[in-house]
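Student: Sharing a model that was predicted from the sequence below.
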Amino acid sequence: MKEHLSSVWTRERRAAKSPALGRAQIVRAAMELLDAEGLDALSMRRLGARLGSGTTSIYWHVANKDELLELVLDEVYGEFTVLNVRETTWRNAATSFAYGIRQALFRHPWVIGFIGTTPAIGPNAMRMMSGLVATFDHAGFRGLDQDYAASTLMAYVFGVTAPELSWRSMLDRTGLTSNELNESIQPTLEKAAADHPELAARYAEFRRMDVDTARALNFEFGLTCFLDGLEARLNRAASPLASRGRAEPDTPAAGDEAGNAPGRRRE
């Protein structure tokens, strides 16, 4: 007999033994530790020390570290806000959602390391996905296309933001600003591109740009292209020609110079 997926959300929640230590306090302390030191720093022992309690008290609320991460991940999903699509356009809702994810990832960079490895079935995750599916339903997508649009939007944001998080981590290690770090690697780029003058010219152009501004514009460019693609797909599906499979031959207007009847093709 196959075992069901174990999750903190599928078992009954225990009441707190003490008003000083409940699930909310544990999750908040875990997030503070993760924000300060990253995913590898989280352990039940360190969390207990941060809370001023033993690990036994924590295990009363969560069975293991995996369950704790489920709770913490759902807190992050609670920061992914989806606008009510009936009060705006679907593009505005999708754009706001994308920027919301981006900012949440900047606040909690550790989360990108385990999104997709932990069940996202908490109340905040469910509320988020319901709003996102409603957004693409309102746009005109049907069936699995709603899920494909939603998952591709999230994949775009994660994919573009992940290298930025690595860049920010490098800044923290070096103590440099974005522009200072960019300037420091220019000699290496010039040497590497010595046999590729077109790339050398591009690197020289990038050297004059503000790095943070360039990254923000890059995100906006990609997001706009993605949404344009979705809109073009919707427009194709709505076109009368799409259901016919091919364009029909043109017919001359009534009373043309050949005196043909309306709708009859000239030979």
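Tutor: That came through fine.
Student: mind checking how far Ala237 is from Leu230?
Tutor: In this view, Ala237 and Leu230 are 11 Å apart by CB to CB, to the nearest Å. Bear in mind the C-beta positions are built from the backbone N, C-alpha and C, glycine included.
Student: Could you check which of these two has the larger neighbour count?
Tutor: Between Ala237 and Leu230, counting by other CB atoms under 10 Å, Leu230 is the more crowded of the two (21 against 13).
Student: What is whichever strand or helix holds that one packed up against?
Tutor: Per DSSP states H and E, Leu230 falls inside helix 211-238. When contacts are defined as 3 or more CB pairs under 8 Å, 6 or more residues apart in numbering; DSSP states H and E, helix 211-238 packs onto helix 90-107, helix 144-174, helix 178-184.
Student: If we use 6 Å, what do you get?
Tutor: Applying 3 or more CB pairs under 6 Å, 6 or more residues apart in numbering; DSSP states H and E, one finds that helix 211-238 makes contact with helix 144-174, helix 178-184.
Student: And the helix or strand following the shortest one, how far out from the chain middle?
Tutor: This points to helix 178-184. As assigned by DSSP H and E, the chain's next helix or strand after helix 178-184 is helix 186-192. Offset of helix 186-192 from its chain centre (CA atoms, centre = their mean, to the nearest Å): 33 Å.
Student: tell me which residues in helix 186-192 are buried?
Tutor: Leu189 (16 or more other CB atoms under 10 Å).
Student: any idea of the mean pLDDT in it?
Tutor: What helix 186-192 shows for mean pLDDT is 92.
Student: Quick one: name whatever helix or strand follows that helix.
Tutor: Sequence order places helix 197-207 as the next helix or strand after helix 186-192, per DSSP H and E.
Student: List the buried residues of that next one.
Tutor: Buried-residue list, helix 197-207, by 16+ other CB under 10 Å: 200, 203.
Student: tell me what that helix is packed against?
Tutor: Packing contacts for helix 197-207, counted by 3+ CB pairs under 6 Å, 6+ apart, involve no helix or strand.
Student: circling back: and the helices and strands packed on helix 211-238 as JSON lines, adding mean neighbour count?
Tutor: Converted to JSON lines, these look like this (neighbours: other CB atoms under 10 Å):
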{"stretch": "helix 144-174", "mean neighbour count": "15"}
{"stretch": "helix 178-184", "mean neighbour count": "15"}
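Student: could you redo these as CSV and give each row distance to Ala94?
Tutor: Shown next, in CSV, are the helices and strands packed on helix 211-238 (distance: least, CB to CB, whole Å):
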stretch, distance to Ala94
helix 144-174, 6
helix 178-184, 28
